[in-house]
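# Sequence plus predicted model, see below.
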Amino acid sequence: MQNITPPETFALFFDIDGTLLFDGSIPNENVDALLQAKSRGHKLFINTGRSRGNLPQSILSLPVFTGFCCGGAYAEANGIILKNQTMPFPVYKSILDYCESHGCGCAIESVQGFHAFCTDRWKSPNFSKDELIKLFPSLQVTKVTFDRVLSDFGNLEGLSFTQFPNYTEAFLKGCSKASIMQTIENHFAIDKMHTAAFGDSFNDSDMLRAARISVVMAHAPEELKKQANLVSSTSRTGVAETIRFLIAENIL
């Protein structure tokens with residue numbers, strides 16, 4: 001029988017919403033595939049636009065992840081914080097001022113949690129502008145989501161934006177899913193040739209480009225599929241499908 005050399009350790013990066021998580025839960029097939037990948041010695045990381053304080057319990061309770069990358073600004077591995085670059089107060093206040101003057105709302109995501117301002121879109125207590133300003137010393141903000149598509153960015157400086165059909169995400173400039181991957185790769189001395197990324201949306205684009213193996217789910221936009229190495233045939237269990245394929249090919 002021919003000997004097959006086991007694959008080297010990979011760092012696998014996963015988006016949450018629409019990739020691993022559907023309707024608030026992770027399909028069992030995806031969980032089983034994650035466990036299989038971990039059992040082969042690979043390191044698994046969440047790489048999400050969500051803040052650390054907005055990670056769902058269904059993700060946190062899974063005993064498979066080496067660490068969490070959040071909003072391109074926060075990285076944690078084996079319980080150790082590797083990066084925590086949060087919004088300075090002038091940027092934070094400019095967002096609140098913008099929402100107040102433009103009559104829109106936003107969700108402020110921090111390492112500590114999720115805080116809604118001037119909106120009933122999210123099922124979260126609304127805070128006043130003064131309350132959020134007073135909270136700032138204890139908040140480590142990594143992301144803000146506006147409850148609409150922005151057409152006028154006003155004095156919103158120091159931020160990068162991703163537009164969706166009915167909302168806008170804002171992150172600190174220089175903070176991205178790709179840059180936070182590099183933080184993990186440097187810490188574990190893993191090169192790009194041993195990385196894979198799994199996503200489903202335009203905010204995963206830079207992460208997919210930064211990985212050697214890029215995987216997108218069946219429901220991803222066609223433009224995103226064109227830049228991927230693999231496209232799953234299913235959505236809910238696309239992660240399981242593609243991990244099993246990569247293992248069968250002795251890549252993972």
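Arrived safely, thanks for sending. Residues are numbered from 1 along each chain as shown.

# Going along the chain, name the strands of this protein.
Counting by DSSP state E, the chain has these strands, from start to end: 11-14, 43-48, 67-70, 74-77, 80-84, 106-110, 114-117, 126-127, 141-146, 159-163, 168-172, 195-199, 213-216, 230-231.

# tell me which residues of the fourth one are tucked away?
By neighbour count with 16 or more other Cβ atoms under 10 Å, strand 74-77 contains the buried residues 74-77. Placement of C-beta: from N, CA and C, glycine included.

# I'd like the distance from that strand to the chain centre, please.
In terms of Cα atoms, centre = their mean, to the nearest Å, the centre of strand 74-77 is set 12 Å apart from its chain centre.

# Can you tell me what sits against it?
Strand 74-77 has contacts (Cβ atoms under 8 Å, 6 or more residues apart in numbering) with 45, 51-52, 66-69, 81-86, 111, 140, 142, 180, 183-184, 187-188.

# For the protein, which residues score under the pLDDT cut-off?
For the chain, the stretches with pLDDT under 70 are 1-7, 123.

# Now do the top helix by length along it and strand 106-110, the angle between them.
As assigned by DSSP state H, the longest helix anywhere in the chain is helix 89-102. Orientation check (axes from the mean of the first three to the mean of the last three Cα atoms, to 10 degrees): helix 89-102 against strand 106-110 gives 160 degrees.

# Next, the angle from helix 89-102 to strand 168-172.
160 degrees.

# Now tell me what touches helix 89-102 from outside.
By Cβ under 8 Å, 6+ apart, the surrounding residues in contact with helix 89-102 are 104-106, 108, 117-118, 129, 132-133, 136, 139, 141, 144, 146, 152, 154-159, 170, 172.

# and what of stretch 108-117?
The contact list for stretch 108-117, computed with Cβ under 8 Å, 6+ apart, reads 50-54, 70-71, 74, 84, 86, 92, 95-96, 99, 105-107, 122, 124-129, 132, 135, 138-145.
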